[in-house]
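>>> Fold the following for me, if possible:
(2 chains)
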Amino acid sequence: MKKLINDKSHFLADMMDGLKYRDKKIEVVEETVVVRRNRKTSGVALISGGGSGHEPAHAGYVAEGMLDAAVCGEVFTSPTPDKVLAAIEAVDNGDGVLLIIKNYAGDVMNFEMAQEMAEANGHKVKAVVVRDDIAIENEEQRRGVAGTVLVHKYAGFLASSGHSLNAIKKKVEEMMTSLHSIGMAIHPCMVPTTGEYGFDLQDDEMEIGIGIHGEKGIYREKAEPVDKIIDRLLDELSKYNEHDELVVMVNGMGGTPQSELSIVAKYTVESFKRRNMKMAKLLVGDYMTSLDMQGFSLTIVDASDELLKALDAETDSDYFN
Amino acid sequence: MDAEKLISQLHGLKTVFDDKERELTALDREIGDGDHGVNMKRGFSAVAEKVTDGSTQEILKQTGMTLMSSIGGASGPLYGFSFVKMSEVAEDTIDSNNLAEMLDVFAKTVGEKGKVSGGEKTMYDVISKTADLLREGGSLDLESLQALADDTEDMIATKGRAAYFKENSKGTIDPGAQSAVYVIQALGEGVKNG
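Sure thing, here's the model as predicted:
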């Protein structure tokens, strides 16, 4: 394994230290909890987090207009309840806390345990669970993937606008009913803590329906030109959204060159036109990655006026634009 | 098994998971995200470092809290909370009957927290069968425990990350079931050897 690391068991600690030097707007408390240096004194606080390896998620979205805290776990491993509790205690200003959880057994268990502990200490805490990955048929089991970043931005806007905890939870849950994603990879990620690839893929193969933890996809095919791949993904996605105007996110998996992401963007726009589907907004970039995996995911969500306003609202995150 | 023996058994798990890291990681790579070995190793290294004395109840509780704050993932709360719960029924000296009682609590906790029942290809499939195995006079040795984990090989996962693979999860032993073999083996060995 060749990786730009010193010691695989210090991966998280070294990354946290580096983040502090890179971004002067944040500080790190309790070793792995990223909070804003200028903490909010009023308004609902938003906390997300999960295993590391998805950068810039989630620490990169700790910024005005988005998250108040991100709890960073080991690579691809949910953070523990004590750290989530520390985050709640660090950012709750009395107006309550919303936990934004990606739907993985570990994340849900650890965050819910922290929620119970925080409630016992007198904090008002609610949670939303993102399940946007349609590669998983069973709705209850669907994973939370790139769409989570749109949830951060939407909820961040709602919190900045002064909405209550209950109102934000309700609006976000409504928005999530039309939030759908699917991903693919042409090269698996190398997991630095194990020194192994997440899965093995032949040179001429691609994996459809990958998650963001280096886990295998749902099926495997011979690699195709990118327009065919996009059609394949949009065929699946368009089953779920009937609204005629959509927000679209083209998300790089971490090891995909920006040039190729632009090419994906082009053919996604063309496929939309052919299908007579309207694109109200297009976001392209590395939002929710899987270490150095080469591939991309597409996320779509119904474009309501409020959501569009939220996505265009200012944030001082360096990673959302 | 008195407090001293319990500590030495739990500390011994650090070496066990050092040895088994790659095996667990290989299983997890097939049907999960390939880090179960690393996580268990981190958890029991922390136990060896932080849990150093106390009564059996205190040791089990501290082990649980340590696992909960060091393993992460789904295994962290499941193993962690289970040890905390087992501490509530443990006696000062744990004999075979008391261990069976603890294992009932272990299974109940995993079942409730993980919202899982038998046959779903998880650690529950090993843990839930061990109390009866012990009561029926069986031994919690590696062979009998491994047989329980081996049974998960042909099951189809419906919980945890392996559930994403549905039918394709067949053919691999569940990594959580495999790590449960080592944890319970350590407890069983402690009781057997006094």
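>>> going forward, measure contacts and count neighbours with C-alpha atoms only.
Fine.
>>> For chain A, what is the nearest residue in chain B?
residue B:74 (3.5 Å; C-alpha to the nearest C-alpha).
>>> Could I get the contacting residues of that residue?
A:78, A:105, A:106, A:107, A:109, A:110 (C-alpha atoms under 8 Å, 6 or more residues apart in numbering or on different chains).
>>> what does chain B have sitting close to chain A?
B:25, B:29-35, B:38, B:68-77, B:113-114, B:160-161, B:164-165 (C-alpha under 8 Å from any C-alpha of the partner chain).
>>> and the closest residue to residue B:130 other than its chain neighbours, how far is that from residue A:40?
Nearest non-adjacent residue to residue B:130, counting by C-alpha to C-alpha, 6 or more residues apart in numbering or on different chains: residue B:103, 6.8 Å away. Remark: distance between residue B:103 and residue A:40 (C-alpha to C-alpha, to the nearest Å) = 47 Å.
>>> More neighbours: which of the two?
residue B:103 (25 against 15; other C-alpha atoms under 10 Å in any protein chain shown).
>>> Touching whichever strand or helix holds that one from outside, list them.
Element membership of residue B:103 [criterion: DSSP states H and E] is helix B:96-113. If you take C-alpha under 8 Å, 6+ apart as the criterion, helix B:96-113 is touched by A:109, B:78-79, B:81-83, B:85-86, B:89-91, B:116-117, B:124, B:127-128, B:130-132, B:134-135, B:187-188, B:191-192.
>>> Same check on stretch A:126-133?
Residues contacting stretch A:126-133 (C-alpha under 8 Å, 6+ apart): A:96-103, A:108, A:115, A:139-148, A:165-166, A:169, A:172-173, A:176, A:179-182, A:211.
>>> Among the contacts of helix B:96-113, which are located in strands?
Secondary structure defined by DSSP state E assigns none of the contacts of helix B:96-113 to strands.
>>> show me where pLDDT drops low in the stretch 151-300 of chain A?
Nowhere does the stretch 151-300 of chain A drop to pLDDT under 70.
>>> Quick one: the helices in it, in order.
A:165-176, A:226-237, A:258-274 (DSSP state H, counting those that start in this stretch).
>>> of those helices, which approaches chain B most closely?
Nearest to chain B, of those and by C-alpha to the nearest C-alpha, is helix A:226-237 at 17.0 Å.
>>> List, out of the contacts of residue B:74, those positioned next to chain B.
Within the contacts of residue B:74, those near chain B by C-alpha under 8 Å from any C-alpha are A:78, A:105, A:106, A:107, A:109, A:110.
>>> What helix or strand is the closest residue to residue B:141 other than its chain neighbours located in?
Using C-alpha to C-alpha, 6+ apart and skipping the chain neighbours, the partner closest in space to residue B:141 is residue B:185 (5.9 Å). Taking DSSP H and E as the definition, residue B:185 sits inside helix B:175-192.
>>> contact partners of that helix?
B:1, B:5-6, B:9-10, B:12-13, B:16, B:24-25, B:27-28, B:36, B:40, B:75, B:94-96, B:99, B:121-127, B:139-142, B:145-146, B:149, B:152.
>>> For ChimeraX, write the select line for the buried members of those residues.
Provided next is the ChimeraX selection string for whichever of these are buried by 16 or more other C-alpha atoms under 10 Å in any protein chain shown:
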select /B:1,5,6,9,10,12,13,16,24,25,27,28,36,40,75,94,95,96,99,121,122,123,124,125,126,127,139,140,141,142,145,146,149,152
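>>> what does the stretch 1-150 of chain A put close to chain B?
A:73-74, A:76-82, A:104-107, A:109-110, A:136, A:141.
>>> Which ones among the residues you listed lie within strands?
A:73, A:74.
>>> CA-only coordinates of the helix holding residue B:103 in PDB, if you can.
The C-alpha trace of helix B:96-113 is given here as PDB (Å, rounded to 0.1, in the frame of the first residue of the first chain):
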ATOM      1  CA  SER B  96     -21.100 -21.600  34.900                       C
ATOM      2  CA  ASN B  97     -24.700 -20.800  35.900                       C
ATOM      3  CA  ASN B  98     -23.900 -17.200  36.300                       C
ATOM      4  CA  LEU B  99     -22.200 -17.100  33.000                       C
ATOM      5  CA  ALA B 100     -25.300 -18.600  31.400                       C
ATOM      6  CA  GLU B 101     -27.300 -15.800  33.000                       C
ATOM      7  CA  MET B 102     -24.900 -13.200  31.600                       C
ATOM      8  CA  LEU B 103     -25.100 -14.700  28.100                       C
ATOM      9  CA  ASP B 104     -28.900 -14.500  28.200                       C
ATOM     10  CA  VAL B 105     -28.500 -10.800  29.000                       C
ATOM     11  CA  PHE B 106     -25.800 -10.400  26.200                       C
ATOM     12  CA  ALA B 107     -28.300 -12.000  23.700                       C
ATOM     13  CA  LYS B 108     -31.200  -9.900  24.900                       C
ATOM     14  CA  THR B 109     -29.200  -6.700  24.700                       C
ATOM     15  CA  VAL B 110     -27.900  -7.300  21.200                       C
ATOM     16  CA  GLY B 111     -31.400  -8.400  20.100                       C
ATOM     17  CA  GLU B 112     -33.000  -5.200  21.400                       C
ATOM     18  CA  LYS B 113     -30.300  -2.700  20.400                       C
END
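>>> Might you calculate how far it sits from the centre of the chain?
In this view, helix B:96-113 has its centroid 11 Å away from the chain centroid, taken as C-alpha atoms, centre = their mean, to the nearest Å.
>>> repeat for stretch A:13-33
19 Å.
>>> Give me the mean pLDDT for that stretch.
Averaging pLDDT along stretch A:13-33 gives 96.
>>> in that stretch, what's buried?
Neighbour-count burial for stretch A:13-33 [16+ other C-alpha under 10 Å]: A:16, A:19, A:25, A:26, A:27, A:28, A:32, A:33.
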